[in-house]
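Novice: 3D, please:
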Amino acid sequence: MKSVVYVYVRPAEDGFFAECFDLPVSAEARSLDEVLDVIQDSIQQYMNDNDPLRAGFVSNPEVLVTMHMGLPLDE
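Specialist: So this is what the prediction gives:
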């Protein structure tokens with residue numbers, strides 16, 4: 001059973017886009033705080049509407065967010 005839902009956040013044209021690797025859940029918002037709130041709510045709603053065990057998750061998994069900043073590193 002998986003105990004972590006992995007989320008990837010990246011810059012989008014008008015803000016930020018977040019998507020889950022293992023669930024059919026994504027979100028888009030203008031601010032980072034907003035996209036994190038929306039993806040968290042979307043994951044919770046998915047888990048409420050579907051059996052987490054059938055999706056291979058423990059009943060209350062943690063959420064781990066990785067973010068792509070889109071900024072070049074100085075050389």
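
Novice: can you give me the strands in this structure?
Specialist: For the chain, applying DSSP state E gives strands covering 2-12, 15-20, 26-29, 57-67.

Novice: and those strands as TSV, adding mean pLDDT, distance to Leu36 and mean neighbour count?
Specialist: For every residue, glycine as well, the C-beta is placed using N, CA and C. Formatted as TSV, these follow (pLDDT from 0 to 100; distance: least, C-beta to C-beta, whole Å; neighbours: other C-beta atoms under 10 Å):
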stretch	mean pLDDT	distance to Leu36	mean neighbour count
strand 2-12	95	7	16
strand 15-20	96	7	18
strand 26-29	97	8	18
strand 57-67	93	7	13
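
Novice: okay, those in TSV with distance to Asp37 next?
Specialist: Listed next are the strands of the chain as TSV, based on distance: least, C-beta to C-beta, whole Å:
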stretch	distance to Asp37
strand 2-12	12
strand 15-20	10
strand 26-29	8
strand 57-67	12
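
Novice: which one of those strands lies closest to Met47?
Specialist: strand 57-67 (7.5 Å; C-beta to C-beta).

Novice: Run through who's touching that closest one.
Specialist: With C-beta atoms under 8 Å, 6 or more residues apart in numbering as the test, strand 57-67 has contacts from 1-10, 18, 22, 32, 36, 39-40, 43, 47, 52-53.

Novice: switch the cut-off to 7 Å
Specialist: 1-9, 36, 40, 43, 52 (C-beta atoms under 7 Å, 6 or more residues apart in numbering).

Novice: Just the CA trace of that strand, in CSV.
Specialist: Output of strand 57-67 as CSV, limited to C-alpha atoms (Å, rounded to 0.1, in the frame of the first residue of the first chain):
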residue,chain,number,x,y,z
PHE,A,57,-3.3,3.7,-0.9
VAL,A,58,-3.6,3.6,2.9
SER,A,59,-6.8,5.3,4.2
ASN,A,60,-5.1,8.6,5.0
PRO,A,61,-2.0,9.1,2.9
GLU,A,62,0.4,12.0,3.2
VAL,A,63,0.9,14.4,0.3
LEU,A,64,4.4,15.2,-0.9
VAL,A,65,4.8,18.2,-3.3
THR,A,66,7.6,18.6,-5.7
MET,A,67,7.9,22.0,-7.5
